[in-house]
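Asks: Return atomic coordinates for the entry below.
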Amino acid sequence: MEHAKILLVDDEPRIADTLSFGLEENRYAVSVAYDGIVGYTMFLKEKYDLLVLDINLPGLNGYELCKRIRAVNTNIPIILLTALRTLDDKIEGYDAGADDYVLKPFEFQELLMKIKVLLRRSADPSHHAGSMLRAGDLSMNTYTREVKRGDVVVSLTSKEAQLLEYLLRNKNQVVSRADIATNVWNIDFDTNTNIIDVYINYVRNKVDKPFPQKLIHTQVGLGYILKDI
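Replies: The predicted structure follows:
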């Protein structure tokens, strides 16, 4: 998706200017803000196709900025840039509504790849079609991200919703942790992280635990399966 408009918010001018130059060389139109509040103001005034946000920002940190943006626009792709690398840091980022998470220092080509994947996904007509996915009494509107078990509305974070959507699209099929890492997190599978298992448990606690019929099952040594019962 060439000529897409990207808002880059980073308080380190050297990094921001270098990234901006590299992205513009790849035919993206880039606006830069060095402050979280300024970045949010720019977001409200202009239409962007994707956002790249540092976390340690003055005025408004990246987590809070991401939450505010998500309250206005649930579908715009958001990538967080940060040196914070613990599992809790990543979970906080995804819970804030980020689609992806890039650790500093990073290779520019890695960021570029993630940008291309997210822009391609958001440009896919099916992403905005508002189709309904179902399994048993579980339903999900893929555009509004509204999830229900029967008549009960289930509230999910952005990343939880992405994970559930992937499971629903592959219902009755076993998906491995590597499959989930590639398709939900857009990352190569890292055997040293249990973030996928953590999020499977988050989704189970909301979608399955309060209800008698369990839909998400573990296939020992293989992965997970959401069964249409």
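
Asks: residues contacting Leu167?
Replies: When contacts are counted by C-beta atoms under 8 Å, 6 or more residues apart in numbering, Leu167 touches Val175, Val203, Ile216, Tyr224, Leu226. The way it works is simple: take the backbone N, C-alpha and C, and place the C-beta from them, glycine included.

Asks: how about those residues, which pair is most distant?
Replies: Pairwise distances across the contacts of Leu167 peak at 12.9 Å for Val175 and Val203 (criterion: C-beta to C-beta).

Asks: neighbour count winner among the two?
Replies: Neighbour count, other C-beta atoms under 10 Å: between Val175 and Val203, Val203 has more, with 24 against 20.

Asks: Could you report the separation of that one from Leu156?
Replies: 7 Å (C-beta to C-beta, to the nearest Å).

Asks: what touches both of the two?
Replies: Counting by C-beta under 8 Å, 6+ apart, the residues touching both Val203 and Leu156 are Leu164.

Asks: quick one: contacts for Ile15?
Replies: Neighbours of Ile15 in contact, by C-beta under 8 Å, 6+ apart: Asp54.

Asks: Closest to Val152 out of the contacts of Leu167?
Replies: Out of the contacts of Leu167, the member with the shortest distance to Val152 (by C-beta to C-beta) is Val203, at 15.0 Å.

Asks: Report the buried residues of the strand or helix carrying that closest one.
Replies: Per DSSP states H and E, Val203 falls inside helix 195-207. Buried positions in helix 195-207, judged by neighbour count with 16 or more other C-beta atoms under 10 Å: Ile195, Ile196, Tyr199, Ile200, Tyr202, Val203, Arg204, Lys206, Val207.

Asks: Hmm, the second one is touching Asp179, no?
Replies: No - checked against C-beta atoms under 8 Å, the pair Ile196 and Asp179 is beyond contact range at 9.8 Å.

Asks: which residues make contact with stretch 72-79 from outside it?
Replies: Residues outside stretch 72-79 that contact it (C-beta under 8 Å, 6+ apart): 43-44, 48-53, 66, 69-70, 97-102, 111, 114-115, 118-119, 121-122, 127-128, 143-145, 158.

Asks: Go through these and flag which are in strands.
Replies: Residues of the contacts of stretch 72-79 located in strands (DSSP state E): Leu50, Leu51, Val52, Leu53, Asp100, Tyr101, Val102.

Asks: Most widely separated two among those residues?
Replies: Largest separation among those by C-beta to C-beta: Leu50 and Tyr101, giving 14.4 Å.

Asks: one step back: could you dump the ones in strands among the contacts of stretch 72-79 into JSON lines and include distance to Gly150, pLDDT and neighbour count?
Replies: Below are these laid out as JSON lines (distance: C-beta to C-beta, whole Å; pLDDT from 0 to 100; neighbours: other C-beta atoms under 10 Å):
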{"residue": "Leu50", "distance to Gly150": "36", "pLDDT": "97", "neighbour count": "23"}
{"residue": "Leu51", "distance to Gly150": "35", "pLDDT": "97", "neighbour count": "26"}
{"residue": "Val52", "distance to Gly150": "39", "pLDDT": "97", "neighbour count": "26"}
{"residue": "Leu53", "distance to Gly150": "37", "pLDDT": "96", "neighbour count": "28"}
{"residue": "Asp100", "distance to Gly150": "33", "pLDDT": "88", "neighbour count": "22"}
{"residue": "Tyr101", "distance to Gly150": "34", "pLDDT": "86", "neighbour count": "25"}
{"residue": "Val102", "distance to Gly150": "39", "pLDDT": "88", "neighbour count": "18"}
